[in-house]
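Student: show me how the following folds:
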Amino acid sequence: MTRRPSKSPPNAELRSRFDQFLIETRATVEGYARERGLTVPSESPEALSEITRLLSAPALERESTGLDYVLNMCPRLATIHEYFGDLTGAMAYYQLGTQLWPYPWPKHPTNRDENDISFRDALSLQQLPAAVSCDRVGLRDRARVLYEWAAEHSRLTDEELAFHGVDQVVWERLPWRSYALVCLERWEEARVVGEQAHEVAQKDDRAQTTESYQSPLKILPVVLALTRFKTEPSGGTRREAVRMLLPQSVASRVHEAHLHALFYLFNLRARHPDLAAPQQGDALSPEGARQTAELCQKWLARQGFILDRTPESLNVLDRLMRPSYEAAPDEEARNGMVALWGSYLGEILREELAGGQWDFEPGKPGPALVWDMGVGELRVLPYKHILQILTGKTSQSLYELWQETEQSYVDMGLATR
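Tutor: Reported below is the predicted structural model:
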């Protein structure tokens, strides 16, 4: 990548280096898998069934394929594919990552002392990424159990806290316990644990200078912002939660720590689309619509529904929209749903029918997709149509709207020719 200091923003070089690190990491792991005859999950739907078979194969066969190495790299690979906008590839690795803690699985082996801190630590470091992976592909019950175990195993007893006082043991472990509690929506408890970790980190100089242990310190402010908003909701705490859910909030000069933190951040963004969606000023833009459409996909994937950005996937939204809308807790959540679904609908139309452009100009009937067809203008109002369906003002489904728009597009194109 060419370096142009005079035109690039100050962090452009750091960003390009991180992107290159991700590209090289993905190439290394997927190349390793191919060399040993493994089908790369992001490239073939058959890969998951093949790998599932290998999971129960003899140890020697597993070792020869390098399966355990690829399995342990699933959180990184899922995050890398998601970072670059390949949600299908990301979900393949999240699906495989659910096997990081095998199922059916015991809480932990019974032949060890569960009070041993290093043993508990080893368990939580396996269970938490497995929980996130289950969360991302809609295995909610399995995710909940794993979050509970991870929260328990990353705890520190009163004796351990008294012994370690203000040091790295505390701020390395408690942010992950707080994170697991957030995912269990045990907000008050998560905040207490998070605040404790933050207080210790503020007093320990190593927390400010030790780069190799940045991951828990990168995710901790995100967790704290969410718990403060959930326990004391206000405009200020909401704005801070929105700010901390932005991907740049976990940026780091240490690429591995940055990637690790993104894995956990992307999960929180998928769990809280109302906070992660581009805010009002940013959402009214083509890029804002694209980001919100991607967030819609991630939010529904977490519920077990895959939107593959085809017109046929609109049938999935047609089934889900009304029940979700009616179950929303407040008007703000309902508005957020309209933004998610309308952006996804609009992006499908734009991608499928060449020449479509977003029109967010104030004073028009609403944000629209517009095609200049020569003989006239084809205009669709995605957000308005979503709202009309939800309020009973139209019986035309999203898929029927797609069919009608496609037909009009063809007819007007023929008329022009």
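
Student: contacts and neighbour counts: CA atoms only from here.
Tutor: Noted.

Student: is it true that Pro362 lies in a strand?
Tutor: No: Pro362 sits outside any strand when classified using DSSP: H, G, I helix; E, B strand; the rest coil, being coil.

Student: what about it, neighbour count?
Tutor: 9 (other CA atoms under 10 Å).

Student: and it, how far from Leu398?
Tutor: Taking CA to CA, to the nearest Å as the measure, Pro362 falls 25 Å from Leu398.

Student: check Ala257 too.
Tutor: 42 Å.

Student: go on, Asp86?
Tutor: Counting by CA to CA, the gap from Asp86 to Leu398 is 24 Å.

Student: what about these two, which has more around it?
Tutor: Leu398 (24 against 15).

Student: now do the contacts for the more buried one.
Tutor: 314-315, 317-318, 345, 386 (CA atoms under 8 Å, 6 or more residues apart in numbering).

Student: just among those, which is most surrounded?
Tutor: Neighbour max across the contacts of Leu398 (other CA under 10 Å) = Leu345, 29 neighbours.

Student: before we move on, the earlier item: now the two most distant members of the contacts of Leu398.
Tutor: Across the contacts of Leu398, no pair lies farther apart than Asn315 and Ile386, at 13.1 Å, counting by CA to CA.

Student: grab the most central residue of the protein for me.
Tutor: Most central in the chain under CA atoms, centre = their mean is Phe266, positioned 3.0 Å from the mean C-alpha point.

Student: elements contacting the helix or strand it falls within?
Tutor: Using DSSP states H and E, Phe266 maps to helix 255-271. Applying 3 or more CA pairs under 8 Å, 6 or more residues apart in numbering; DSSP states H and E, one finds that helix 255-271 makes contact with helix 74-83, helix 117-136, helix 214-231, helix 273-276, helix 286-302.

Student: again, only this time at 6 Å
Tutor: For helix 255-271, the packing partners by 3 or more CA pairs under 6 Å, 6 or more residues apart in numbering; DSSP states H and E come out as helix 214-231.

Student: tell me which other helices or strands the helix it packs on touches.
Tutor: Short answer (3+ CA pairs under 6 Å, 6+ apart): helix 214-231 packs on helix 168-183, helix 235-244, helix 255-271.

Student: distance to Gln357 and mean pLDDT for those helices - can I get that in JSON lines?
Tutor: As requested, the helices and strands packed on helix 214-231 are exported to JSON lines (distance: least, CA to CA, whole Å; pLDDT from 0 to 100):
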{"stretch": "helix 168-183", "distance to Gln357": "38", "mean pLDDT": "89"}
{"stretch": "helix 235-244", "distance to Gln357": "28", "mean pLDDT": "92"}
{"stretch": "helix 255-271", "distance to Gln357": "27", "mean pLDDT": "94"}
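
Student: which of those sits closest to Asp68?
Tutor: Nearest of the helices and strands packed on helix 214-231 (CA to CA): helix 255-271, 18.7 Å.

Student: other residues contacting that closest one?
Tutor: For helix 255-271, the surrounding residues in contact (CA atoms under 6 Å, 6 or more residues apart in numbering) are 79, 214-215, 219, 251-252, 276, 298-299.

Student: alpha carbons of it, as PDB, please.
Tutor: This file holds the C-alpha atoms of helix 255-271, laid out as PDB (Å, rounded to 0.1, in the frame of the first residue of the first chain):
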ATOM      1  CA  HIS A 255      -2.600  -5.900  16.500                       C
ATOM      2  CA  GLU A 256      -3.300  -9.100  18.300                       C
ATOM      3  CA  ALA A 257      -4.900  -7.300  21.200                       C
ATOM      4  CA  HIS A 258      -6.900  -5.200  18.700                       C
ATOM      5  CA  LEU A 259      -8.200  -8.300  16.900                       C
ATOM      6  CA  HIS A 260      -9.000 -10.000  20.200                       C
ATOM      7  CA  ALA A 261     -11.000  -7.100  21.500                       C
ATOM      8  CA  LEU A 262     -12.900  -6.700  18.200                       C
ATOM      9  CA  PHE A 263     -14.100 -10.300  18.600                       C
ATOM     10  CA  TYR A 264     -15.900  -9.400  21.800                       C
ATOM     11  CA  LEU A 265     -16.900  -5.900  20.600                       C
ATOM     12  CA  PHE A 266     -18.700  -7.300  17.400                       C
ATOM     13  CA  ASN A 267     -20.700  -9.500  19.700                       C
ATOM     14  CA  LEU A 268     -21.900  -6.600  21.800                       C
ATOM     15  CA  ARG A 269     -22.800  -4.600  18.600                       C
ATOM     16  CA  ALA A 270     -24.900  -7.600  17.400                       C
ATOM     17  CA  ARG A 271     -26.600  -7.800  20.800                       C
END
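
Student: and it with helix 214-231, angle?
Tutor: Orientation check (axes from the mean of the first three to the mean of the last three CA atoms, to 10 degrees): helix 255-271 against helix 214-231 gives 20 degrees.

Student: return the backbone torsion pair for Val370.
Tutor: phi -130, psi 140 (degrees, to the nearest 10).

Student: tell me who's in contact with it.
Tutor: 356-357, 378-379.

Student: pLDDT and neighbour count added to the residues you listed, as JSON lines?
Tutor: As requested, the contacts of Val370 are exported to JSON lines (pLDDT from 0 to 100; neighbours: other CA atoms under 10 Å):
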{"residue": "Gly356", "pLDDT": "91", "neighbour count": "21"}
{"residue": "Gln357", "pLDDT": "92", "neighbour count": "18"}
{"residue": "Leu378", "pLDDT": "92", "neighbour count": "17"}
{"residue": "Arg379", "pLDDT": "93", "neighbour count": "17"}
